[in-house]
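Q: Pasting the sequence and the predicted coordinates here, then a few questions.
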Amino acid sequence: MSIVRKLKRALRGEVEPKTIVREALRRARSKRQISKERASLDSINIEMPKLRLSAKDPEAQLKHFQTRVEPHFLPGANPTSLASLQIEFPEDTEALFKTARQIVTDHSWPLLGFGVKNFGDEIEWSRDPFSGHVWPLDYHRDIQLIRNDGSDARVLWELNRLGHLVKLATAYAISSDEQFSAECIAQVQSWAKQNPYGRGVNWNCAMEVALRSMNLLTIFELLKQSIHFNAETLQLFLRLFHQHGTYICRNPEFSHISTSNHYLSDVTGLLWLGLMLPEFVDSEYFFDTGLVEILREMDKQVLPDGADFESSTGYHRFALELFLYSFILCQQNDVDVEPRYWTKLRAMLDYVRCYLRPDGLAPLIGDADSGQVFPVWQRGADEHAHVLAIGAVFFKDANLVTPNLKVAPELHWFLGDAGVNNFRNLSGNEVDSKSFPHAGTYVMRKGDRYLCFNASGAGINGRGSHGHNDSLSFEVYAAGVPFIVDPGTHVYTADLHQRHLFRSTAYHSTVKIDGEEQNTTLESMPFVIGDEAHPRVLEWETGDMEDKVVAEHSGYARLQAPVVHRRTIVFDKVEGSWLIEDEFLGEGEHDYEVRFHFAPELDVKLLESAVTATNGMAALTVSALDPGELFLEVQSTSRDYGEKRDSVTACWRVSGRPGKLRWLLRPHMISDQ
């Protein structure tokens, strides 16, 4: 595809003419650099880094790395600190040991939302774990990622991030059991042999290279005292670090038009390589580039109210992890970061605190691919509380602690015994209703009543990527039960039709008009979404007795007879109920479909003009206050990438001229009836 055609495809959202020119020049330079890289693959594959070490002998170099006292890694991620983890968290530690033993004995471990997967006696690092497709060792830029044949690069990349080896290395650091270190090193050797530099799908994406480099650094720190970590192993790690840093520098996912969590990951990887490997001649360049760019991306990607700009809570967690863990590492090594960036990081944590439901789980607004940085303990895509706990201790801020926030083993892994003890000295506070106007997130809550209203745009300044057609949708949690939920994501490229469904208007608790999407999407382009809706909030009020939000979007203004959808939600805090009013402003006859997407495993039944959903203990009744045809649909909900369960959606269908439709949402305990 020509540079001009690629630019036309990329030009979505707000882009200035001078930016287009700069981007065209950048792409022309990149094209020339690609030719140079193609010619140098084999030499880089065997090249060793230039070191600032007087010791040239491999054994002397090994002694240096095993005995150095600087730089400092994460305060809790060292054998001395981790040895006490099983005392504080015996069940979590035993679960970790169980996974580590499975990895050693039969090469089985959990992968995303797919459950435990066996990877065979000899792990094939380029074989898709589920479709069986073996990706070729072609030059990385020649790899075609979207195949729509059941293969999914995202799944294979998760395997090749080597996060499972961080689990294994942690198990070794806790127990000093050498079988864990031996298996870990053997798998790193196997990976290096099967993945020559710059070839194949595992060198296709700088983000994946960066995240893998961070995991390799962690493995290096946790295993370097093992009897199996010899001079030959050291040379392997040094070569891999050199290759990973070189690749990121040559293939950054940067664009003058926009950047995203991909480029943020790239520069974070450089920062970590630069900080943790001062022996490298290139370390200053890695560090300087990484630090400058990660802060620049924080300015670009974190909105004034603390939310990530991709219109996704899943990617907010991921970006928050990158920033938070990097700031911890910087603090450990006396790296100065301007106060305003600490303020931004604090705001990101406050956003999490406010959007977490009373059960501690997150609404899955936009895409959620279950990505974690350092996944020592595997967390579902909606589990964000452990990051909040780490942040609360890091900032020594009790205002970040919710009443139900629990101490997590990750807190010990990152911040050690002191972190756990400091957390226990922080008392939590009730979370109030709050608005995040830049994010388009409005949270109404009191006690166990919670509604999260979504008025976010397509994301990335209108360019979209991980946003869904979910304008004016919402989640409802009450009486200990998640009743109305976002459907999640399920998969990306493994099944383009499923991908299309999960981000569609009909899969969200909002309104579809005349069978059209709020924003234009194509099934064949899974990471492109239009920017027609432009939701805006007209009113937000919160008080002791009630909350009120009024918002509208213009996604249906492109219809032959344009319509604006306006939604008003009033939360009666005394009754604990919500009144929803949908108003349609425009002319002509239209077909309206208003959906409420219920959580899986609820018993959903029709009651004349109402629908009730229950788990046997509590129920939510949604009553229509205006006439319409009511029916139930079987759809799906996904909590984790790759996983899905059947769920039920209630749909009211109305045809005619624009007007108003109203619903009353009343939660109650079954014993109340």
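A: Perfect, thanks for sending it.
Q: Do a quick rundown of the strands in the stretch 51-200 of the chain.
A: All strands of the stretch 51-200 of the chain, identified by DSSP state E, counting those that start in this stretch, fall at 108-110, 116-118.
Q: List the strands paired with the first one, with their directions.
A: Strand partners for strand 108-110, identified by DSSP bridges, are recorded as strand 116-118 (antiparallel).
Q: ok, and what's touching the strand it pairs with?
A: Gln102, Asp106, His107, Ser108, Trp109, Pro110, Leu111, Pro129 (C-beta atoms under 8 Å, 6 or more residues apart in numbering). Every residue, glycine included, has its C-beta placed from N, CA and C.
Q: among those residues, which ones are buried?
A: By neighbour count, with 16 or more other C-beta atoms under 10 Å, these hold Gln102, His107, Ser108, Trp109, Pro110, Leu111, Pro129 as buried.
Q: From Ile174, how far out is the fifth one?
A: Computed with C-beta to C-beta, to the nearest Å, the distance linking Pro110 and Ile174 is 19 Å.
Q: what's the longest strand in this protein?
A: Determined from DSSP state E, the single longest strand within the chain is strand 645-656.
Q: returning to that earlier point: I'd like the buried ones among the contacts of strand 116-118 as TSV, with distance to Leu156 appended.
A: Shown next, in TSV, are the buried ones among the contacts of strand 116-118 (distance: C-beta to C-beta, whole Å):
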residue	distance to Leu156
Gln102	20
His107	16
Ser108	17
Trp109	15
Pro110	15
Leu111	10
Pro129	7
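Q: Between those residues, which sits nearest Glu59?
A: His107 (31.8 Å; C-beta to C-beta).
Q: Trp125 is in contact with the closest one, correct?
A: No. Assessed by C-beta atoms under 8 Å, His107 is found out of contact with Trp125, at 12.0 Å.
Q: Show the average pLDDT along the helix or strand harbouring Ile219.
A: Using DSSP states H and E, Ile219 sits within helix 206-223. For helix 206-223, the mean per-residue pLDDT is 98.
Q: Please apply the same query to stretch 168-184.
A: 98.
Q: Sort out which residues of it are buried, please.
A: Using 16+ other C-beta under 10 Å as the test for burial, stretch 168-184 gives 168-175, 179-184.
Q: Got the domain ranges for this protein?
A: 3-301, 434-672 (automatic domain parsing).
Q: possible to save these as CSV with distance to Ile365?
A: Shown next, in CSV, are the domains of the chain (distance: least, C-beta to C-beta, whole Å):
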stretch, distance to Ile365
domain 3-301, 15
domain 434-672, 6
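Q: picking up where we left off before, what helices or strands is the longest strand of the chain leaning on?
A: strand 590-597, strand 603-607, strand 629-637 (3 or more C-beta pairs under 8 Å, 6 or more residues apart in numbering; DSSP states H and E).
Q: hey, C-alpha coordinates of stretch 62-81 in CSV?
A: Taking C-alpha atoms only, stretch 62-81 is exported to CSV below (Å, rounded to 0.1, in the frame of the first residue of the first chain):
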residue,chain,number,x,y,z
LEU,A,62,28.7,-12.7,35.4
LYS,A,63,30.3,-11.9,38.8
HIS,A,64,29.7,-8.2,38.1
PHE,A,65,26.0,-8.6,37.4
GLN,A,66,25.5,-11.0,40.3
THR,A,67,27.2,-8.6,42.9
ARG,A,68,26.3,-5.2,41.6
VAL,A,69,24.3,-3.1,44.1
GLU,A,70,22.9,-0.6,41.6
PRO,A,71,20.6,0.0,39.8
HIS,A,72,17.7,-0.9,42.1
PHE,A,73,14.8,-3.0,40.8
LEU,A,74,11.2,-2.8,42.2
PRO,A,75,11.4,-2.8,46.0
GLY,A,76,9.4,-6.0,46.5
ALA,A,77,10.7,-8.0,43.5
ASN,A,78,13.8,-9.5,44.9
PRO,A,79,14.4,-12.9,46.6
THR,A,80,14.9,-11.5,50.1
SER,A,81,11.5,-9.7,50.0
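Q: Need the residues that contact that stretch.
A: Defining contact as C-beta under 8 Å, 6+ apart, one finds that stretch 62-81 is touched by 53, 55, 82, 170, 173-174, 176, 217-218, 221-222, 224-225, 229-231, 234, 275-276, 278-279, 325, 328-329, 332-333, 411-419.
Q: Kind regards, and thank you for your time.
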